[in-house]
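Colleague: Coordinates for the following, if possible.
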Amino acid sequence: MDFKTVTENLLSTFEVEGVRYALIGGFAMGAWGIARSTVDMDFLIHKNDMQIVHRILTGMGYECRYQTENVSQFVAPLQIFGEIDILHAFREISIGMLQRAEGRKIFNESMTIKVLKVEDLIGLKVQAIANDPSRKPIDMADIESLMETYGGSIDWSIIEEYFALFEFNDLFEELKNKYGKIK
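Modeller: Sure, this is the predicted structure:
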């Protein structure tokens, strides 16, 4: 996947169309300075904007391979354009994530993309573990990398809410004790 070309094409169209989006997943980890390999792009997009996004992506040659109330997966016939996975934001908690997203410079600061805040990326990782415990090793590595880098400056009360939502209170306390010190 040519991340720069895809990002340039998507961002310009998303901005013109007023799509409410934020980058999530491995590419978002990179935008926060945490090196992580990834083969696709993942977005959180407001559910009410999905018709627009569907039109944009199919117009760019992507095929919608999978869609539910919660997620969509688009795949391009050319490997250079890769796969785009979308989490639909329609619950209060995910709408809040979109509203808190912030612009981050990427590609040697040549463009800015909206990315979920560290706290919200951690929240999605906690949800992923709750939904599929087999993902725990990779998602915990991501969580701990984010906490190690940003532990002294993140809002631990937001993170605590995510862990409590999935009844991971003990794990939260362990991680906060390890990474919650101001550096």
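
Colleague: give the contact list for the residue nearest to the spatial centre of the chain.
Modeller: Using CA atoms, centre = their mean, the residue of the chain that lies closest to the mean C-alpha position is residue 24, 1.2 Å off. Applying CB atoms under 8 Å, 6 or more residues apart in numbering to residue 24 gives the contacts 42-44, 87, 115-116, 121, 124. Glycine gets a C-beta too; all of them are placed from N, C-alpha and C.

Colleague: rerun at 7 Å
Modeller: Contacts for residue 24 (CB atoms under 7 Å, 6 or more residues apart in numbering) come out as 42-44, 87, 116, 121, 124.

Colleague: My guess is residue 125 contacts residue 139. True?
Modeller: Yes: here residue 125 reaches residue 139: they are 4.3 Å apart, a contact under CB atoms under 7 Å.

Colleague: For stretch 152-160, measure first residue to last.
Modeller: Chord length of stretch 152-160, first to last residue, is 15 Å (CA to CA, to the nearest Å).

Colleague: switch to numbering from 83
Modeller: Noted, 83 is the first residue going forward, which turns the last one into stretch 234-242.

Colleague: Can you point out the buried residues in it?
Modeller: For stretch 234-242, burial by neighbour count (16 or more other CB atoms under 10 Å) applies to 236, 240-242.

Colleague: Show me these that map onto helices.
Modeller: When the buried residues of stretch 234-242 are checked against helices (DSSP state H), the matches are 240-242.

Colleague: Residue 132: which element?
Modeller: helix 132-141 (DSSP states H and E).

Colleague: With only the CA atoms kept, save that helix in PDB.
Modeller: C-alpha atoms of helix 132-141 as PDB (Å, rounded to 0.1, in the frame of the first residue of the first chain):
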ATOM      1  CA  MET A 132     -20.700   6.600   5.500                       C
ATOM      2  CA  GLN A 133     -22.800   7.200   2.300                       C
ATOM      3  CA  ILE A 134     -20.300   9.900   1.300                       C
ATOM      4  CA  VAL A 135     -17.300   7.700   2.200                       C
ATOM      5  CA  HIS A 136     -18.800   4.800   0.300                       C
ATOM      6  CA  ARG A 137     -19.200   7.000  -2.800                       C
ATOM      7  CA  ILE A 138     -15.600   8.400  -2.400                       C
ATOM      8  CA  LEU A 139     -14.000   5.000  -2.000                       C
ATOM      9  CA  THR A 140     -15.900   3.300  -4.700                       C
ATOM     10  CA  GLY A 141     -15.100   6.200  -7.000                       C
END
